[in-house]
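Visitor: please work out how this folds:
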Amino acid sequence: MSHVGIQNAIVNFAAHPLAWPFQMLMRPLGPIRHVPGVGIVISGAEVAREVLMRDAEFTKNGPGGFAEVITQVLGPTALSNMDGAPHRALRTKLTDVLSPSRVEAMMHRSCMPELARLRERLLAGETVDLVEFMETLSGSITCDMMGVTPGVEAREVYREMVHRGARVAKAIGIRPLAEERLRAVHADCDWLWEFARPSYENAVDATLIGRLRTAGLDFEEARGVLLLIFLAGTLTTAAALPRLVGLLLDSGQMPVLQRDPSRALRAVDEGLRYLAPVPATTRIARSTVSVGGLTVPAGTRVIVLTGNLTRDRALFPDPDRFNVERTHDPRAKHLWYGAGPHFCFGFPLAQRELQLVLETLASLPRPIRLVSRRPSWGATIPAYASFRIVADQGPA
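Guide: Numbers count the residues shown, from 1 in each chain. Reported below is the predicted structural model:
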């Protein structure tokens with residue numbers, strides 16, 4: 001295994017010491033397998049896309065899936081726990097909420113000041129922890145979505161938001177939460193939502209939460225959607241960025257990006273393919289169906305191993321190599337964001353955020369060097385607990 005592969009494995013194992021080895025064991029066993037006591041396990045990209053597209057037959061909801069716990073935590077209208085006509089109706093309301101122009105305006109307000117500060121710190125020779133930076137950036141974006149101006153203690157508020165959000169995200173799994181744990185999670189959700197309530201009530205259209213109300217979402221719908229964007233989008237993106245930079249440094253491809261920062265978006269796509277930040281997703285067979293040559297009985301849990309389907313040799317030649325020059329097969333492009341009706345709602349926001357951070361780092365006139373890193377043990381989303389970099393002060 002290459003140095004890049006070893007570092008990636010360390011982060012994944014630290015987060016999921018049982019699930020990660022299981023995923024690796026399943027990888028060579030074919031695109032779809034029945035595993036007693038687990039359900040149907042999918043590792044192939046094309047089979048995964050088929051399941052994700054067959055929304056009427058493979059539901060998000062049912063015992064043994066993530067949606068059941070999402071409903072406990074965020075309520076019944078959090079997009080990723082909805083199916084069929086109600087889901088389509090809510091997505092229709094959201095059609096223009098994250099349009100390219102609105103995403104760009106949000107990024108300009110919430111990201112540019114923090115990115116300018118990142119650049120200044122690195123050029124001044126400071127060592128920067130990208131994990132802490134991404135916590136601050138995620139908090140800034142979240143405050144913008146909520147229409148909140150934190151004031152002089154903004155960075156403390158940003159990081160508190162992220163820490164509470166991480167606690168909520170950690171509670172979401174395939175087993176329903178006990179009452180005491182659920183109360184603690186709801187307390188964090190309520191704390192986060194109280195920041196957004198004034199903007200929702202005032203319907204300030206410049207804010208995401210205001211646009212949700214203007215789009216016709218009632219209080220509970222807006223709450224569920226906003227918290228889901230924060231948990232599933234903003235926090236996942238924050239976890240992914242230091243890992244992306246790690247890939248570029250470990251593989252020796254950061255200089256390629258520094259010579260041509262316009263390649264940042266391609267690096268984002270290849271990095272997310274290689275990392276598959278969300279390791280798995282689940283579906284429940286609504287009725288007895290056939291997929292990939294297997295009969296799937298009604299009520300069976302289907303686990304799509306995202307980290308395996310992005311290494312599918314049928315679509316990605318030499319899949320274990322991270323290569324920013326790779327051209328992705330259109331049949332699997334962005335499959336790590338899902339497919340079909342449940343394709344990630346926050347896709348444009350996440351892509352643009354990651355692109356802007358990489359462009360900022362790539363535009364530095366000095367080489368970037370890794371100082372130290374430490375994986376996050378027991379994290380819901382595989383991540384670094386610390387990832388410290390510095391811009392070398394010698395000749396570029």
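Visitor: mind listing the helices for the stretch 201-350 of the chain?
Guide: Ranges of helices in the stretch 201-350 of the chain, per DSSP state H, counting those that start in this stretch, are 208-214, 219-228, 235-250, 254-259, 264-275, 306-309, 347-362.
Visitor: any chance of those in CSV, plus mean neighbour count?
Guide: From N, CA and C alone the C-beta is placed, and that goes for glycine too. Shown next, in CSV, are the helices of the stretch 201-350 of the chain (neighbours: other CB atoms under 10 Å):
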stretch, mean neighbour count
helix 208-214, 22
helix 219-228, 22
helix 235-250, 24
helix 254-259, 17
helix 264-275, 22
helix 306-309, 26
helix 347-362, 21
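Visitor: give me the pLDDT for Pro395.
Guide: You'll see Pro395 listed with a pLDDT of 52.
Visitor: then Ala232?
Guide: Looking at Ala232, its pLDDT reads 75.
Visitor: that one touches Leu349, doesn't it?
Guide: No: here Ala232 lies out of contact with Leu349, judged by CB atoms under 8 Å, at a distance of 11.1 Å.
Visitor: endpoints of stretch 246-262, how far apart?
Guide: Using CA to CA, to the nearest Å, the gap from the first to the last residue of stretch 246-262 comes to 19 Å.
Visitor: quick one: average pLDDT of it?
Guide: Mean predicted confidence for stretch 246-262 is 93.
Visitor: which outside residues touch that stretch?
Guide: The contact list for stretch 246-262 (CB atoms under 8 Å, 6 or more residues apart in numbering) reads 3-4, 7-8, 245, 263-264, 267, 271, 274-275, 322-324, 358-359, 361-364, 367-370, 373, 384, 387, 389.
Visitor: do stretch 348-362 as well
Guide: The contact list for stretch 348-362 (CB under 8 Å, 6+ apart) reads 98, 100, 103-104, 106-107, 111, 115, 118-119, 122, 134, 137, 141, 229, 233-234, 236-237, 240-241, 244-245, 248, 254, 257-258, 260-261, 263-265, 267-268, 272, 337, 344, 368.
Visitor: dump the residue contacts of the residue most central in space within the chain.
Guide: Residue closest to the average C-alpha location in the chain (CA atoms, centre = their mean): Thr236, at 3.2 Å. Residues counted as contacts of Thr236 (CB under 8 Å, 6+ apart) are 277-278, 350, 381.
Visitor: quick one: the helix or strand containing Pro86 to chain centroid distance?
Guide: Under the criterion of DSSP states H and E, Pro86 resides in helix 84-93. Put simply, helix 84-93 sits 22 Å off its chain's centre (CA atoms, centre = their mean, to the nearest Å).
Visitor: do the same with stretch 303-323
Guide: On CA atoms, centre = their mean, the centre of stretch 303-323 falls 18 Å from the chain's centre.
Visitor: likewise stretch 258-269?
Guide: 19 Å.
Visitor: quick revisit: among the helices of the stretch 201-350 of the chain, which is nearest Arg155?
Guide: Nearest of those to Arg155, taken as CB to CB: helix 235-250 at 14.2 Å.
Visitor: just the angle between that closest one and helix 264-275, please?
Guide: 100 degrees (axes from the mean of the first three to the mean of the last three CA atoms, to 10 degrees).
Visitor: and the pLDDT for the residue lying closest to Arg49 once chain neighbours are set aside?
Guide: Leaving aside its sequence neighbours, Arg49 sits nearest to Ala339 (CB to CB, 6 or more residues apart in numbering; 5.0 Å). pLDDT for Ala339: 89.
Visitor: right, and Ala339 touches Val47 too?
Guide: No: using CB under 8 Å, Ala339 makes no contact with Val47, being 11.5 Å away.
Visitor: below-threshold pLDDT in this protein: ranges please.
Guide: 151-152, 204-205, 394-396 (pLDDT under 70).
Visitor: if we can go back for a sec, need the CA coordinates for the helix holding Pro86. CSV is fine.
Guide: Extracted C-alpha coordinates of helix 84-93, given in CSV (Å, rounded to 0.1, in the frame of the first residue of the first chain):
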residue,chain,number,x,y,z
GLY,A,84,-41.9,9.6,-2.7
ALA,A,85,-44.3,12.5,-3.2
PRO,A,86,-43.5,14.4,0.1
HIS,A,87,-39.8,14.4,-0.8
ARG,A,88,-40.4,15.5,-4.3
ALA,A,89,-42.7,18.3,-3.1
LEU,A,90,-40.1,19.6,-0.7
ARG,A,91,-37.3,19.4,-3.2
THR,A,92,-39.4,21.4,-5.6
LYS,A,93,-39.8,24.1,-3.1
